[in-house]
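In: My questions concern the predicted model and sequence given below.
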Amino acid sequence: MDHKKIMVAMSGGVDSSVTAALLLQKGHDVQGLTMRIWDGPVEVADDARRVAERLGIPHHLIDLRDQFRQRVVAPFCAEYLAGKTPNPCVLCNQAFKFRVLLDRAAELGADGLATGHYVRLWQHEGRYVLAKGRSLNKDQSYFLFTLTQQQLGRVCFPLGDLDKEQVRALACQWQLPVAAKSDSQDICFIPDGDYIRFLEQHAALKDLSGDIVHVDGRILGRHSGIYRYTIGQRRGLGLAWPEPLFVARIDAARRQVVVGERCHLDVAELTLQDCNWIIPRPSDSLRCRVRIRYRHREAEATVTVVDEKRCRVVFDRPEQGVTPGQAAVFYDQDRVLGGGWII
């Protein structure tokens, strides 16, 4: 990579901090960009600023709280109240890291934006190829299926060939202030992981109580809000039944939580909307592997293009855990082909 001016999306964590240090070591003109996206403690911004000071690079703090509430938090709440299970991390990458920060980087005269994602990127026959990180247990390619070829041409991912142990060792070697900082495990704006409490505090809740219904139509009990349930859930149903019961689907229109035995979680096919293709969009169908959740095992399937934005996925064998609101991402071995949102 030639000497460039690169903005680094600095979250105050170990990964983005080492990303900045690696690029600086390679001789690039590096500056840090940090988004403030939520009210409360400014630990993220403070940690990012301290790392920038340690590296001797400029640091920019961008206040995006209003936009984040409108474009990530509000849809997150609306999806749950509609009986879906959203993935705000994908939406944040799409709407903010690789749109707002890319635009801000250009305004500051940078050649591109770097992030601490564990993914790999290269060019092949005039197109950019996005692939899983070398360390599969840290791979984050699932979250980046929305990237376009134009965006991929303006970003870089220095951690793609490293694993977490190597990254943390580098942070210690360079004496970065966040070297011992633990990884975040939850949604950034719900640090305690209690999304039910968050919804009850931040969403305009109406009466979403209703019946818990078996797939055969029998009413088994009552629930106090469909937003408290997600597909595949077993715990907390409060039902006496000869076999374990799971949430099979959520009917928001009827305010019903529909439950059934494990076999009722089987889904043979699904439809995706708002699909994005990193490879040229197929004219018809293709064989690939499909991941329906971040930590889900990929499944062999046939993906058929319905129209410009929709696809149909037919699995070789029924899958469990198919959840409206989540992303489904297509792979050919390590390469990301594209993906869409489950409806």
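Out: In hand now; what should we look at? Numbers count the residues shown, from 1 in each chain.
In: Map the structural domains onto the sequence of the protein.
Out: Domain segmentation of the chain under automatic domain parsing yields 5-173, 207-264, 266-342.
In: Can I get these in CSV including mean neighbour count, mean pLDDT and distance to Asp183?
Out: Quick note: C-beta positions are derived from backbone N, CA and C, even for glycine. Formatted as CSV, the domains of the chain follow (neighbours: other C-beta atoms under 10 Å; pLDDT from 0 to 100; distance: least, C-beta to C-beta, whole Å):
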stretch, mean neighbour count, mean pLDDT, distance to Asp183
domain 5-173, 19, 95, 7
domain 207-264, 16, 95, 23
domain 266-342, 18, 97, 14
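In: Which among those domains is found nearest to Arg197?
Out: domain 207-264 (10.8 Å; C-beta to C-beta).
In: mind checking how far that closest one is from the chain centre?
Out: Chain-centre distance of domain 207-264: 26 Å, with C-alpha atoms, centre = their mean, to the nearest Å.
In: One more: stretch 177-186?
Out: 18 Å.
In: Could you list the residues in contact with that stretch?
Out: With contacts defined as C-beta atoms under 8 Å, 6 or more residues apart in numbering, stretch 177-186 is touched by 12-14, 17, 47, 50-51, 54, 164, 168, 171-172, 191-193.
In: now do 6 Å
Out: With contacts defined as C-beta atoms under 6 Å, 6 or more residues apart in numbering, stretch 177-186 is touched by Val14, Ser17, Asp47, Arg50, Val51, Arg54, Ala171, Cys172, Gly193.
In: Quickly check those residues for the two that are furthest apart.
Out: Arg54 and Gly193 (30.3 Å).
In: Show me which of the contacts of stretch 177-186 is closest to Val90.
Out: Gly193 (17.9 Å).
In: what about the strands in the stretch 1-150 of the chain?
Out: Assigned by DSSP state E, counting those that start in this stretch, the stretch 1-150 of the chain shows strands spanning 5-9, 29-36, 59-63, 112-114, 119-124, 127-132.
In: Could you export these to a markdown table, including columns for distance to Asp251?
Out: Listed next are the strands of the stretch 1-150 of the chain as a markdown table, based on distance: least, C-beta to C-beta, whole Å:
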| stretch | distance to Asp251 |
| --- | --- |
| strand 5-9 | 39 |
| strand 29-36 | 37 |
| strand 59-63 | 40 |
| strand 112-114 | 42 |
| strand 119-124 | 37 |
| strand 127-132 | 36 |
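In: quick revisit: take the domains of the chain and write them to CSV, including distance to Ala179.
Out: Converted to CSV, the domains of the chain look like this (distance: least, C-beta to C-beta, whole Å):
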stretch, distance to Ala179
domain 5-173, 4
domain 207-264, 36
domain 266-342, 26
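In: Glu200 is nearest to which of those domains?
Out: domain 207-264 (8.5 Å).
In: distance between the ends of that closest one?
Out: Start-to-end span of domain 207-264 (C-alpha to C-alpha, to the nearest Å) is 28 Å.
In: and Asp2, how far is that from Cys156?
Out: 12 Å (C-beta to C-beta, to the nearest Å).
In: My error: substitute Asp15 in the last question.
Out: On the measure of C-beta to C-beta, Asp15 and Cys156 end up 14 Å apart.
In: What of Ile62?
Out: Distance from Ile62 to Cys156, counting by C-beta to C-beta: 20 Å.
In: start to end distance for stretch 299-319?
Out: For stretch 299-319, the first-to-last residue distance is 8 Å (C-alpha to C-alpha).
In: What of stretch 294-307?
Out: End-to-end for stretch 294-307, by C-alpha to C-alpha: 25 Å.
In: ok, residues contacting that stretch?
Out: With C-beta under 6 Å, 6+ apart, stretch 294-307 has contacts from 142, 282, 285-291, 311-316, 319, 330-331.
In: List the contacts of Thr85.
Out: Thr85 touches Thr230, Thr323, Gly325, counting by C-beta under 6 Å, 6+ apart.
In: ok, now Ile187?
Out: Pro88.
In: you'd agree it is in a helix?
Out: No. Counting by DSSP: H, G, I helix; E, B strand; the rest coil, Ile187 is not part of a helix but coil.
In: Just the pLDDT for it.
Out: Here the pLDDT value assigned to Ile187 is 88.
In: same check, this time on Asp192
Out: 86.
In: what about it, how many neighbours?
Out: When neighbours are counted by other C-beta atoms under 10 Å, Asp192 registers 9.
In: Ramachandran coordinates for it?
Out: phi -90, psi 0 (degrees, to the nearest 10).
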